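J.: no sequence on this one, just coordinates:
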């Protein structure tokens with residue numbers, strides 16, 4: 001049953017990625033603006049323009065361009081960036097670790113905020129505390145992540161300059177890294193001075209991304225907890241003398257967490273998408289920041305590569321969530 005489900009999801013993922021590739025390829029080519037004209041000086045001749053078009057394959061029909069690009073992608077060749085003159089796949093993979101680390105830290109912050117609020121709201125259900133948590137959740141959800149970013153920059157970068165609000169790491173530090181996963185590698189190397197610096201730069205953008213997701217986690221998990229609080233096994237735990245907090249943590253939470261797990265996985269993909277604007281606000285050197293530069297410069301190969309990698313990332317996260325849910329849910333696991 002699980003194998004069949006996995007095969008179906010893999011086929012669906014392949015069709016989805018192909019559809020994304022087609023849509024992005026067509027849209028960025030029908031959009032106004034000529035990337036070749038942006039590369040050349042004002043006095044360039046028609047021969048110069050035609051030479052560059054031939055170099056990047058833009059002198060062929062759309063169908064020919066698409067299948068040439070798709071064939072290259074299948075062999076790991078995403079083309080050459082028009083604006084940066086570098087291999088697209090190398091550029092994307094160089095920035096992707098920064099975005100992944102930022103997204104994971106944001107997810108951890110969202111769970112660290114949302115789960116305790118849900119437990120507290122369930123324990124204090126029907127009181128002013130629960131009402132206050134509901135109001136806070138509503139406020140956090142009503143403000144988009146990029147606006148949270150602006151608020152955090154104003155508070156902790158201008159009025160009270162406590163945290164770093166620009167860049168990924170302090171430029172004066174020695175960076176003995178072998179990969180672009182700076183945070184993970186600093187922990188493995190026990191370079192906690194670098195870890196502190198990385199977290200200091202990452203905290204504000206991660207918090208901006210985490211706050212709306214924390215509100216969603218808190219609201220859904222509290223709702224799921226309240227649904228199971230009157231079930232027989234929970235009542236039995238109370239009869240045994242467990243406190244309300246112990247009942248929630250030991251009995252109710254593990255059964256109420258499954259719907260939240262699915263939602264968190266789906267929302268994690270949106271969180272990754274939200275990094276585009278948030279990275280720009282904080283000058284964070286991730287894939288989202290590069291995506292905005294690529295759009296401004298009409299860098300067609302780079303835009304295509306970034307979007308395709310984002311789409312693949314979203315599909316893999318959704319696949320992982322779906323398979324995890326199937327493994328944890330006995331009804332799906334046993335058919």
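T.: That came through, no problem. Since this is a predicted model, take the numbers as computed values, not measurements. Numbering: from 1, shown residues only.
J.: In space, what's closest to residue 292 - neighbours in sequence excluded?
T.: residue 280 (5.3 Å; CB to CB, 6 or more residues apart in numbering). Bear in mind the C-beta positions are built from the backbone N, C-alpha and C, glycine included.
J.: Which element, helix or strand, includes that neighbour?
T.: helix 253-281 (DSSP states H and E).
J.: Now the element after that helix, going C-ward?
T.: Scanning forward in sequence from helix 253-281 by DSSP H and E, the next helix or strand is helix 287-296.
J.: tilt between the next helix or strand along the chain from that next one and helix 287-296?
T.: Scanning forward in sequence from helix 287-296 by DSSP H and E, the next helix or strand is helix 300-328. Here helix 300-328 points in a direction 150 degrees away from that of helix 287-296 (axes from the mean of the first three to the mean of the last three CA atoms, to 10 degrees).
J.: and helix 300-328 with helix 253-281, angle?
T.: Using the same axes, to 10 degrees, helix 300-328 lies at 170 degrees relative to helix 253-281.
J.: what packs against helix 300-328?
T.: The contact analysis (3 or more CB pairs under 8 Å, 6 or more residues apart in numbering; DSSP states H and E) places helix 300-328 against helix 2-30, helix 62-74, helix 88-123, helix 253-281, helix 287-296, helix 330-333.
J.: So for the second one, what gets flagged as buried?
T.: The neighbour-count check on helix 62-74 (16 or more other CB atoms under 10 Å) flags 65-66, 69, 72-73 as buried.
J.: Also the fourth one?
T.: Using 16+ other CB under 10 Å as the burial criterion, the residues of helix 253-281 that qualify are 253, 256-257, 260, 262-269, 271-272, 274-281.
J.: likewise stretch 133-151?
T.: For stretch 133-151, the neighbour count (16+ other CB under 10 Å) marks 133-134, 136-137, 140-141, 145-146, 148-149 as buried.
J.: one step back: what's the angle from the helix holding residue 280 to helix 88-123?
T.: For helix 253-281 against helix 88-123, the angle by the same axes, to 10 degrees is 130 degrees.
J.: And residue 142, how far from residue 26?
T.: In this view, residue 142 and residue 26 are 35 Å apart by CB to CB, to the nearest Å.
J.: same check, this time on residue 289
T.: 25 Å.
J.: neighbour count winner among these two?
T.: Ranked by neighbour count (other CB atoms under 10 Å), residue 289 and residue 26 place residue 289 first, with 23 against 12.
J.: who's in contact with that one?
T.: By CB atoms under 8 Å, 6 or more residues apart in numbering, the contact set of residue 289 is 95, 276, 279-280, 283.
J.: show me what contacts residue 224?
T.: Counting by CB under 8 Å, 6+ apart, residue 224 has contacts 256-257, 259-260.
J.: This completes my enquiry, with thanks.
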